[in-house]
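**Q** Give me coordinates for this.
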Amino acid sequence: QLQASGGGLVQPGGSLRLSCAASGFTFDGYTVGWFRQAPGKEREGVAIIPRSGGSTYYADSVKGRFTISRDNVKKTVYLQMNSLKPEDTAVYYCARRFGGPVWRQELYNGWGQGTLVTVSS
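**A** Next comes the predicted model:
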């Protein structure tokens, strides 16, 4: 399973780093994605990192502000979020896929409880 953590309350312009800790499976064989769901909205993809940790993929709304990375030894994927905006407020989830990086959420599994990020002054 995957467990997201690191959320909290931050002011606009601030930063947070989310962690996605894996257990119970061969972590370095999986693509991992970060997704988020804002109040009253559909869940959307935020960032994806393939198993090799090579090319990374971002939603247009977070490009240049968020960075996804992974540490296969620690079995953890990170999402560094900078220059946060109120519209980044959401519950953030991570999930895995035994395959290449895609945005289709139905192709991911291992969804755990998310972590709430609130951007507000």
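**Q** could you pull out the helices for this protein?
**A** With DSSP state H as the criterion, the chain has no helices.
**Q** residue closest to the middle of it?
**A** Nearest residue to the geometric centre of the chain (C-alpha atoms, centre = their mean): Trp34, 2.4 Å.
**Q** My guess is it contacts Cys20. True?
**A** Yes. With contact defined as C-beta atoms under 8 Å, Trp34 reaches Cys20; the gap is 7.2 Å. Bear in mind the C-beta positions are built from the backbone N, C-alpha and C, glycine included.
**Q** Common neighbours of those two, please.
**A** Residues touching both Trp34 and Cys20 (C-beta atoms under 8 Å, 6 or more residues apart in numbering) are Val77, Leu79, Cys94.
**Q** In TSV, list these along with pLDDT, distance to Leu9 and neighbour count.
**A** Formatted as TSV, the shared contacts of Trp34 and Cys20 follow (pLDDT from 0 to 100; distance: C-beta to C-beta, whole Å; neighbours: other C-beta atoms under 10 Å):
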residue	pLDDT	distance to Leu9	neighbour count
Val77	96	23	29
Leu79	98	17	26
Cys94	97	20	30
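**Q** So which of these are in strands?
**A** Val77, Leu79, Cys94 (DSSP state E).
**Q** The last one and Ser120: what is the separation?
**A** By that I understand Cys94. Note on Cys94: its distance to Ser120, by C-beta to C-beta, to the nearest Å, is 23 Å.
**Q** same deal with Lys41?
**A** 17 Å.
**Q** One more: Phe66?
**A** Here the criterion is C-beta to C-beta. By it, Phe66 lies 18 Å from Ser120.
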